[in-house]
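[1] quick one: sequence and predicted model below, then my questions.
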Amino acid sequence: MPIRLPLVAINPGNSGGALIDMDGDLIGVNSFILSRSGTSSGVGFAVPAATVRRVLETAVGGGRAVVRPWLGARTQSVTAEIARSLGLALPQGALIADVWSGGPAERAGLRQGDVVTSVDGRPVAEAASLTYAIGTHRPGESVRLGVRRGGASEQTLTLRAEAPPATPARDQQVIAGRNPFDGATVVNLSPAVADELGVDLFSGPGVLVTNIGRGYAMNAGLKPGDIVRAVNGRRIGSVRDLVGVVGAQLPAWQVTIERGGREITGTFRT
């Protein structure tokens, strides 16, 4: 996104105030300042105006949560090495590393290996700016994407903004009983849950741990963000699968979870 210079510095006490550029346009709402001295010497932060607008629209419309459209693709920033391999003049843009089947990106015509260079005519510096630009749209709106494919010149694709689907259903449950998951709150992993909790969308179906309360799970070392992959050799694809497995009274449990992209297997006695 283009850089727009603020008119004034963010000082302590300015939180909630308007941040405007040299043209007098609102570009954000001041939030806080990071300062070792306690004065205005530091780094100021503000909520972008586009984000504030979506929050206000949601509140005025009676909603309780802002629905952010998703791209339906895994992306990574274009590094200097990637730019050279793709024949790009500059290391900027978002590389499409994978595409979610049936998602907005696939329906728009995006393919693995494409580089998104702009959104609605504004340049995309890296992967995070692409996610942000898509998320500022309302569901149902059309988004113009500038895309480089192979050695061809840039083309324009149109993506329809839509919320990530909550499929499968969340089915949130708190596990109880003499098993390693006692006290853990778990949900089915879906695109909506992955977007909400910042989990890798492409990690595959599974059961996500969202909270650890009092119980054996805390002592077993389970953490929010863990994805349950298998219990006693049985693959776990849903909360129903997990509830069915832990209903048995067993002296020992072999559990495989995914944490930070790595699978970890441990044996527990209850």
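    Received it, and whenever you're ready, just let me know what you need. Numbers count the residues shown, from 1 in each chain.
[2] gap between Val124 and Gly61?
    Going from Val124 to Gly61 by CB to CB, to the nearest Å gives 29 Å. Every residue, glycine included, has its C-beta placed from N, CA and C.
[3] higher neighbour count, the two?
    Taking neighbours as other CB atoms under 10 Å, Val124 and Gly61 compare with Val124 leading, 25 against 7.
[4] does the spatially closest residue to the more buried one that is not a sequence neighbour sit in a helix or strand, and which one?
    Closest residue to Val124 apart from its sequence neighbours, by CB to CB, 6 or more residues apart in numbering: Leu130 at 4.9 Å. Per DSSP states H and E, Leu130 falls inside helix 127-135.
[5] average pLDDT for that helix?
    Mean pLDDT, computed over helix 127-135, is 94.
[6] helix or strand right after that helix?
    Helix 127-135 is succeeded, C-terminally, by strand 142-148 (DSSP H and E).
[7] show me which positions of the helix holding Leu130 end up buried.
    In terms of neighbour count (16 or more other CB atoms under 10 Å), helix 127-135 has its buried residues at Ala127, Ser129, Leu130, Thr131, Tyr132, Ala133, Ile134, Gly135.
[8] also stretch 101-112?
    Gly103, Pro104, Ala105, Ala108, Leu110.
[9] mind putting those into TSV with pLDDT and secondary structure?
    Shown next, in TSV, are the buried residues of stretch 101-112 (pLDDT from 0 to 100; DSSP: H, G, I helix; E, B strand; the rest coil):
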residue	pLDDT	secondary structure
Gly103	95	coil
Pro104	97	helix
Ala105	97	helix
Ala108	98	helix
Leu110	98	coil
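[10] out of those residues, who's nearest Gly28?
    Of all the buried residues of stretch 101-112, Pro104 has the smallest distance to Gly28: 26.9 Å, by CB to CB.
[11] excluding its backbone neighbours, what's nearest that closest one?
    Leaving out its chain neighbours, the residue that sits closest to Pro104 by CB to CB, 6+ apart is Gly72, at 4.5 Å.
[12] isn't the one you found right up against Trp100?
    Yes - counting by CB atoms under 8 Å, Trp100 is a contact partner of Gly72 at 4.2 Å.
[13] can you tell me the SS state at Arg54?
    Following DSSP: H, G, I helix; E, B strand; the rest coil, Arg54 is assigned to helix.
[14] what's near enough to touch it?
    Val66, Arg68, Thr136, Arg138 (CB atoms under 8 Å, 6 or more residues apart in numbering).
[15] per-residue pLDDT of Gly38, please?
    The model's pLDDT for Gly38 equals 64.
[16] try the one 10 residues further on
    Per-residue confidence (pLDDT) for Pro48: 87.
[17] okay, it and Leu90: tell me how far apart.
    24 Å.
[18] then Gly146?
    In this view, Gly146 and Leu90 are 14 Å apart by CB to CB.
[19] and what of Val246?
    From Val246 across to Leu90, the span is 52 Å (CB to CB).
[20] higher neighbour count, these two?
    Set Val246 next to Leu90 and count neighbours by other CB under 10 Å: Val246 wins out with 23 against 11.
[21] give me the neighbour count for the closest residue to that one other than its chain neighbours.
    Using CB to CB, 6+ apart and skipping the chain neighbours, the partner closest in space to Val246 is Asn179 (4.1 Å). Look at Asn179: counted by other CB under 10 Å, it has 24 neighbours.
[22] phi, psi of Asn179?
    phi -160, psi 160 (degrees, to the nearest 10).
[23] sorry, back to before: quick check, nearest of the buried residues of stretch 101-112 to Ile212?
    Closest approach between the buried residues of stretch 101-112 and Ile212, by CB to CB: Gly103, at 31.1 Å.
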